[in-house]
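*Asks:* Show me how the following folds:
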Amino acid sequence: MRELDPLVSAAAIEQAGPAHIATLKTADPPLSTLNGHRFARARRRGKNLLFPTEDGELVLRVHLMSAGRLRYLAPGAKGPKTPMFRLRFSGGGELVLTEAGKKKRAGVWLVSPAQLDADLSHLGPDALDLDTEMLAEILGRERRQLHPLLRDQRAIAGIGRAHSNEILLRARLSPFKVSTELTAAETETLAGAIRDDLHRALELRERGKGDKDVYVIHNRLGEPCPQCGTPIARVDFEEHTIYYCPACQTGGRLLKDRRLSRLLR
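*Replies:* Presented below is the predicted three-dimensional model:
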């Protein structure tokens, strides 16, 4: 969002679309309604990238899911032949959305500000805005394991699977520890881990660093834990994988795949 903000507001929109049928989630108003408009800026709500028009009547919303990528192409720059979504600005610059893999889950919506508020009303507070008191209230609402709670956008907006792994390692908490059982000290530590991990990641991303520099535990099975040197372990689920350090987070115990055996907590 920070990278795109000055780029998308520099020129008027010449042509919005085309968009893949699996990517475009709204039909009314049509994408062509954006033609001739100008974006005021780029902003974010949770994992949603938002591009409101200067007149305040429309908002283009983009969700990348896990495999989407949104890029600004300077005039004359070579881009993909058939992106999932393309928007051309006057002067030749383009905003293009691509998505890796067979499962096309990224989405593009064109809505009014009121509709946007309704569509995103379920989101919890933004992860970057959390303090210890707010986190304690969220943790105490119901008994939930920490990893699924952290990535639940209705509880906390903005944290995904990878950063849930990173945060819990930094906090030295088991991904399956129950939220209502955290002590005050553990809650404070977790709040600090959320803040420190996300700010560190943002700083690295703004410097052009990729996943290998940003993630210290995610996708690093068998590599030494950066905190203690123990080989990193993982738990596999159908839709996602949890990475953790047995020594730092689970008292040396290996957590078992739910599909194979009962979880050790």
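
*Asks:* Return the distance of whichever strand or helix holds Ala191 from the chain's centre.
*Replies:* Applying DSSP states H and E as the criterion places Ala191 in helix 184-206. In terms of Cα atoms, centre = their mean, to the nearest Å, the centre of helix 184-206 is set 15 Å apart from its chain centre.

*Asks:* What is the neighbour count of Arg105?
*Replies:* Residues lying near Arg105 (other Cβ atoms under 10 Å) number 14. From N, CA and C alone the C-beta is placed, and that goes for glycine too.

*Asks:* Do I have it right that it meets Glu99?
*Replies:* Yes - if you go by Cβ atoms under 8 Å, Arg105 and Glu99 touch, sitting 7.5 Å apart.

*Asks:* follow-up on the earlier one: tell me what the helix holding Ala191 is packed against?
*Replies:* helix 132-139, helix 161-171, helix 211-214 (3 or more Cβ pairs under 8 Å, 6 or more residues apart in numbering; DSSP states H and E).

*Asks:* Name the stretch among those helices that sits most buried.
*Replies:* Scoring the helices and strands packed on helix 184-206 by mean neighbour count under mean count of other Cβ atoms under 10 Å gives helix 161-171 as the most buried, with a mean of 23.

*Asks:* I'd like to check the angle between it and helix 184-206, please.
*Replies:* 130 degrees (axes from the mean of the first three to the mean of the last three Cα atoms, to 10 degrees).

*Asks:* Got the phi and psi for Asp119?
*Replies:* With angles defined as degrees, to the nearest 10, Asp119 sits at phi -70, psi -30.

*Asks:* burial measure for the closest residue to it other than its chain neighbours, as a count.
*Replies:* In this structure, Asp119 finds its nearest non-sequential neighbour in Val111, 6.7 Å apart by Cβ to Cβ, 6 or more residues apart in numbering. Using other Cβ under 10 Å, Val111 has 20 neighbouring residues.

*Asks:* count of neighbours near Leu60?
*Replies:* Using other Cβ under 10 Å: Leu60 sits among 25 other residues.

*Asks:* Give me the residues contacting the helix or strand it falls within.
*Replies:* Per DSSP H and E: Leu60 is located in strand 59-63. With Cβ atoms under 8 Å, 6 or more residues apart in numbering as the test, strand 59-63 has contacts from 16, 34, 39, 47-53, 68, 70, 85, 87, 97, 106-113, 116, 119.

*Asks:* Restricted to buried residues, select those residues in PyMOL.
*Replies:* Applying 16 or more other Cβ atoms under 10 Å to the contacts of strand 59-63, the buried members can be selected in PyMOL as follows:
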select buried, resi 16+34+39+48+49+50+51+52+53+68+70+85+87+97+106+107+108+109+110+111+116+119
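
*Asks:* Might one say that Gln145 is in contact with Thr180?
*Replies:* No - contact criterion Cβ under 8 Å: Gln145 and Thr180 do not qualify, at 10.7 Å.

*Asks:* that older thread, tell me the strands beside the strand holding Leu60, with direction?
*Replies:* strand 48-52 (antiparallel), strand 107-111 (antiparallel) (DSSP bridges).

*Asks:* okay, the angle between the very next helix or strand once past it and strand 107-111?
*Replies:* Downstream of strand 59-63, the first helix or strand assigned by DSSP H and E is strand 68-73. Strand 68-73 and strand 107-111 are oriented at 70 degrees to each other (the same axes, to 10 degrees).

*Asks:* What lies in contact with the helix or strand just after strand 68-73?
*Replies:* For strand 68-73, the following helix or strand on the C-terminal side (DSSP H and E) is strand 85-89. Here strand 85-89 makes contact (Cβ under 8 Å, 6+ apart) with 8, 10-20, 23-24, 34, 60, 62, 94-97, 108.

*Asks:* Perfect, that will be all.
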